[in-house]
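Novice: make a model of this:
(one chain, ligands or ions: 2)
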Amino acid sequence: MSAHLNAALREGDNPELTEERRKATFDTRKLADEFFGSHLARRRREIAKAIDAIPELHDTKPLPFMTREEKVEEAARKVFTLSKHITDIVDLSNNRETQSLNEMVIGIEGMPISLHFAMFIPALQGQADDEQKREWLDRAIRMEIIGTYAQTELGHGTNLRMLETTATYDKQNKEFILNSPTLTSLKWWPGNMGKSCNYAIVVANLIIDDKLLGPHSFMVQLRDENSHETMPNIQIGDIGPKMAYNSSDNGFLKLSNLRIPRRNMLMKHAKVQEDGTYKKPPHEKLAYSAMVHVRSHMITQHAMLLAYALSISTRYSCIRRQGYIDPKKDEVKVIEYQTQQHRLFPHIARAYAFAFAGTESIRKFEIMKRSLEAGNIELIADLHALTSGLKAVVTYLAGQGIEQARQACGGHGYSMASYMGEIYGVGIAGCTYEGENLVMMQQLGRYLIKAVKSVKEGKKPTGYVAYLAHAGQRHSLIDCRPNEGYAEHIRAFEHIARRQTFRAAERLQKYENSGLSTEQAWNNCTVELNRASRLHTRLFIACNFYERVLDVEDMAVREVLEDLLHLHLNYELIDIASYALEAKKIRPNAVSLVDSWEITDREHRSVLGRRDGHVYENLFKWAKSSDLNQNDVLPSHKKHLLPMMLNARKQSKL
Ligand SMILES: CCCCC/C=C\C/C=C\C/C=C\C/C=C\C/C=C\CCCCC(=O)SCCNC(=O)CCNC(=O)[C@H](O)C(C)(C)COP(=O)(O)OP(=O)(O)OC[C@H]1O[C@@H](n2cnc3c(N)ncnc32)[C@H](O)[C@@H]1OP(=O)(O)O
Ligand SMILES: Cc1cc2nc3c(=O)[nH]c(=O)nc-3n(C[C@H](O)[C@H](O)[C@H](O)COP(=O)(O)OP(=O)(O)OC[C@H]3O[C@@H](n4cnc5c(N)ncnc54)[C@H](O)[C@@H]3O)c2cc1C
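Specialist: Numbering: from 1, shown residues only. Ligands and ions are numbered 1, 2, ... in the order given. Just a heads-up that it's a prediction; the model follows:
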């Protein structure tokens, strides 16, 4: 092993892990540069070092031992401490740096200003005009106010056109009157709205002169800026504990004849003049821009959640010995089992593939934003289709990978000492928020059907759907010749995606021709359409992975990424048996591949995934620190169970 390969090696580590790290065929730092991009990889190291030096930013005790109130308080305390240091540590205008700082200090369970950064600020940037930005955006960036994005209601989250919250324009007073007219119209779910925020961008159906004009965004003050007491005509609170993500106060909101000035409607695109004249936005869905922003960022974030789970289980699999392969020899590390490798390695490949796809979706979002600033709305539909598909496929597959990683840790994976439960709970939330996955698949489906129509009209679609017009391709994977390299795999992927998309389009056409309404015909084809969307998105991920690997200059890093690419393409494409070979190839680098994610112990919050591999002694420490172990007999036991047993004993003696 050459000196450059040992970035993760330390004195005193568990020798089982040291042995693994000595086998690395590449420099883990150089692979980290590819996974995150070299700038972010360097900044993450610097951020981790800065946090080490500020003890107030460290966890006061493991989060799983905290009550919900303690978690909420801990997150608030850290946000306050961070506010004093943040500009020294990160460039606040860089989302990925800020998100890394958040993950390292506060973690994934939520915090009082998540939505402020994830949606409130992006919505102001995308939808407020210059004067409104001066009034609210600068204050928001300085964190003088904390805001959220209040769109979903108790009765409607997906179907935005049926939102019941109304904003009725009162010409006389030049005000909007906001109302939650029914129980189902209560805003429900917005992050941090329950207790933390004092402002919200409320999405409400605009009404002018009894005419319904669809969902628009309004700035609403929820709480007094000094006392933090709820403002008049507003009822607000926390919606209670969730599957995970319990440091966050997701909230409810009722608005009762709340009057706000006309200029509180965000007016960069749609406008309401003093006399009530309404000016339409240049693109009907510009009001949805904050959602597209988050969707474009969710891909790298879910790649990271998957990376958390896989580095925990891969490291643990190398210190856990259980059973024999050769009965005459010692018990083996569980990573040696073929099933364990098949369980983990394809997901490691996916974590890399998703990270690369996520970098691309963020890049595309930035390009679209700049072109929109220049007045061009052309890229909006492409980006919406891309991010809808990626969001749905990646959150779903990341959830599956996290669950496999948990199962790969056996019983200890079920203890919160592994932290797997929280990673899973937070990961799968992404299948629901920012658009329920199967619904988002249909959005991409609409786009694919349009592309098929244009192919049938003899046109040549460009960009990610160009392959739909490629005729005369091979019909089966059996035709693939291995020596043609990965390009051949990609062509096979294209073939499969194209065939499914045309199949769905033809079925749709058949139903339409049979006299069904467009909507009914569509509903009859949604399973086929969603399959097409899934295959199209997997093609994008594979293709992007392939192109990304071609760009890697360091030969050792390129070689290991090619191993992963090979595994990925085979895993996604061919039958299960075929990847046994690839798994063997990945095995020596398994720990180093996950070390390259450079996730610190502070960030991991997992006893099983410790970098030094000293799992068992720390599991014991963990158990001893449980609140429930502070008394030999729990007060609740004395109150309920002991009398129950004593009583039962007394009864049996009678
Ligand atoms: C520091 C920054 C980092 C960001 C951090 C962000 C997130 C953190 C993520 C992970 C971190 C890890 C841990 C943290 C964990 C958890 C929590 C953190 C954040 C949670 C945030 C969650 C916030 C929310 O959920 S907000 C609410 C989101 N709600 C939705 O998404 C609703 C979904 N519904 C819709 O979008 C729409 O209703 C619809 C389904 C698209 C239908 O709309 P409709 O108007 O009815 O349109 P229709 O279907 O008829 O289509 C007409 C036409 O319009 C096109 N269209 C639709 N939408 C768009 C769009 N957005 N853009 C462009 N075009 C669009 C559609 O394609 C049709 O086109 P055509 O006619 O076919 O041409
Ligand atoms: C952790 C978390 C944080 C959140 N944060 C926020 C926030 O900050 N702000 C905010 O406004 N909201 C937030 N939400 C709400 C979230 O955006 C919505 O829950 C989400 O968009 C799904 O909508 P829904 O709940 O109405 O699901 P539903 O639409 O009721 O989904 C139920 C089922 O119906 C199916 N379905 C619905 N419509 C169709 C259709 N047209 N075709 C086929 N099937 C369909 C779905 O696929 C699903 O299987 C959050 C949610 C969570 C879980």
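
Novice: for the closest residue to ligand 2 within the chain, what are its contacts?
Specialist: Going by Cβ to the nearest ligand atom, ligand 2 is nearest to G157 of the chain, at 2.5 Å. Every residue, glycine included, has its C-beta placed from N, CA and C. With contact set as Cβ atoms under 8 Å, 6 or more residues apart in numbering, G157 has these partners: 151, 189, 436.

Novice: swap the cut-off to 10 Å and go again
Specialist: G157 makes contacts with 151, 163, 188-189, 432-433, 435-436, 439, as judged by Cβ atoms under 10 Å, 6 or more residues apart in numbering.

Novice: state whether it is indeed within a helix.
Specialist: No: under DSSP: H, G, I helix; E, B strand; the rest coil, G157 falls outside any helix and is assigned coil.

Novice: do you know the pLDDT at it?
Specialist: G157 carries a pLDDT value of 97.

Novice: quick one: low-confidence parts of the stretch 1-150 of the chain?
Specialist: Applying pLDDT under 70 to the stretch 1-150 of the chain picks out residues 1-6.

Novice: try it again at 50.
Specialist: Applying pLDDT under 50 to the stretch 1-150 of the chain flags residues 1-4.

Novice: enumerate the residues of it near ligand 1.
Specialist: When proximity is defined as Cβ under 6 Å from any ligand atom, the stretch 1-150 of the chain approaches ligand 1 at 95, 98-99, 108, 114, 117-119, 149.

Novice: out of these, list just those in helices.
Specialist: Judged by DSSP state H, these include 95, 98-99, 114 as members of helices.

Novice: just put the residues of the stretch 1-150 of the chain next to ligand 1 in a markdown table and tack on distance to H470 and neighbour count.
Specialist: Listed next are those as a markdown table, based on distance: Cβ to Cβ, whole Å; neighbours: other Cβ atoms under 10 Å:
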| residue | distance to H470 | neighbour count |
| --- | --- | --- |
| N95 | 36 | 18 |
| T98 | 41 | 17 |
| Q99 | 38 | 19 |
| I108 | 41 | 24 |
| S114 | 43 | 23 |
| F117 | 42 | 19 |
| A118 | 38 | 24 |
| M119 | 39 | 23 |
| Y149 | 41 | 26 |
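
Novice: these also near ligand 2: which ones?
Specialist: Answer for those near ligand 2 (Cβ under 6 Å from any ligand atom): Y149.

Novice: which residues in the stretch 151-300 of the chain form helices?
Specialist: Per DSSP state H, counting those that start in this stretch, the stretch 151-300 of the chain has helices spanning 289-319. These are given in chain order.

Novice: in it, which spans are strands?
Specialist: Shown for the stretch 151-300 of the chain, the strands assigned by DSSP state E, counting those that start in this stretch span residues 166-170, 175-179, 187-188, 199-208, 211-221, 234-238, 251-255, 258-261, 271-272, 278-279.

Novice: just checking, what packs against the second one?
Specialist: If contacts are counted by 3 or more Cβ pairs under 10 Å, 6 or more residues apart in numbering; DSSP states H and E, strand 175-179 sits against strand 166-170, strand 199-208, strand 211-221, strand 251-255, strand 258-261.

Novice: got a markdown table for the ones you listed, with mean neighbour count, distance to G12 and mean pLDDT too?
Specialist: Output for the helices and strands packed on strand 175-179, formatted as a markdown table (neighbours: other Cβ atoms under 10 Å; distance: least, Cβ to Cβ, whole Å; pLDDT from 0 to 100):
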| stretch | mean neighbour count | distance to G12 | mean pLDDT |
| --- | --- | --- | --- |
| strand 166-170 | 20 | 62 | 98 |
| strand 199-208 | 23 | 50 | 98 |
| strand 211-221 | 19 | 55 | 97 |
| strand 251-255 | 23 | 46 | 95 |
| strand 258-261 | 16 | 61 | 98 |
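
Novice: so which of those strands is nearest E336?
Specialist: strand 251-255 (49.0 Å; Cβ to Cβ).

Novice: CA atoms only: put that closest one into PDB for me.
Specialist: Output in PDB follows, covering the C-alpha atoms of strand 251-255 (Å, rounded to 0.1, in the frame of the first residue of the first chain):
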ATOM      1  CA  GLY A 251     -47.200  22.500  11.800                       C
ATOM      2  CA  PHE A 252     -50.800  23.400  11.200                       C
ATOM      3  CA  LEU A 253     -52.200  26.800  10.400                       C
ATOM      4  CA  LYS A 254     -55.700  28.300  10.300                       C
ATOM      5  CA  LEU A 255     -56.400  31.700   8.800                       C
END
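
Novice: just the angle for it relative to strand 175-179, thanks.
Specialist: With axes from the mean of the first three to the mean of the last three Cα atoms, to 10 degrees applied, the angle from strand 251-255 to strand 175-179 works out at 120 degrees.

Novice: strand 251-255 near ligand 2 at all?
Specialist: No: judged by Cβ under 6 Å from any ligand atom, strand 251-255 and ligand 2 are separated, with a smallest distance of 8.9 Å.

Novice: which stretches of the chain have low pLDDT?
Specialist: Ranges of the chain meeting pLDDT under 50: 1-4, 474-475, 478, 575-582.

Novice: rewinding a little: got the helices and strands packed on strand 175-179 as CSV, with distance to A469 columns?
Specialist: What follows is the helices and strands packed on strand 175-179, written out as CSV (distance: least, Cβ to Cβ, whole Å):
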stretch, distance to A469
strand 166-170, 45
strand 199-208, 38
strand 211-221, 35
strand 251-255, 48
strand 258-261, 50
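
Novice: can you tell which of those strands is closest to F65?
Specialist: Comparison of the helices and strands packed on strand 175-179 against F65 by Cβ to Cβ identifies strand 251-255 as nearest, at 25.5 Å.

Novice: tell me the strands beside the closest one, with direction?
Specialist: In the sheet, strand 251-255 lines up against strand 187-188 (antiparallel), strand 234-238 (antiparallel) (DSSP bridges).

Novice: right, so of the ones you listed, which gets closest to ligand 1?
Specialist: For these, proximity to ligand 1 was assessed by Cβ to the nearest ligand atom; strand 187-188 is nearest, at 10.5 Å.

Novice: what residues sit buried inside the longest helix along the chain?
Specialist: The single longest helix within the chain, with elements called by DSSP H, is helix 338-373. Residues of helix 338-373 classed as buried by neighbour count (16 or more other Cβ atoms under 10 Å): 340-362, 364-365, 368-369, 372.
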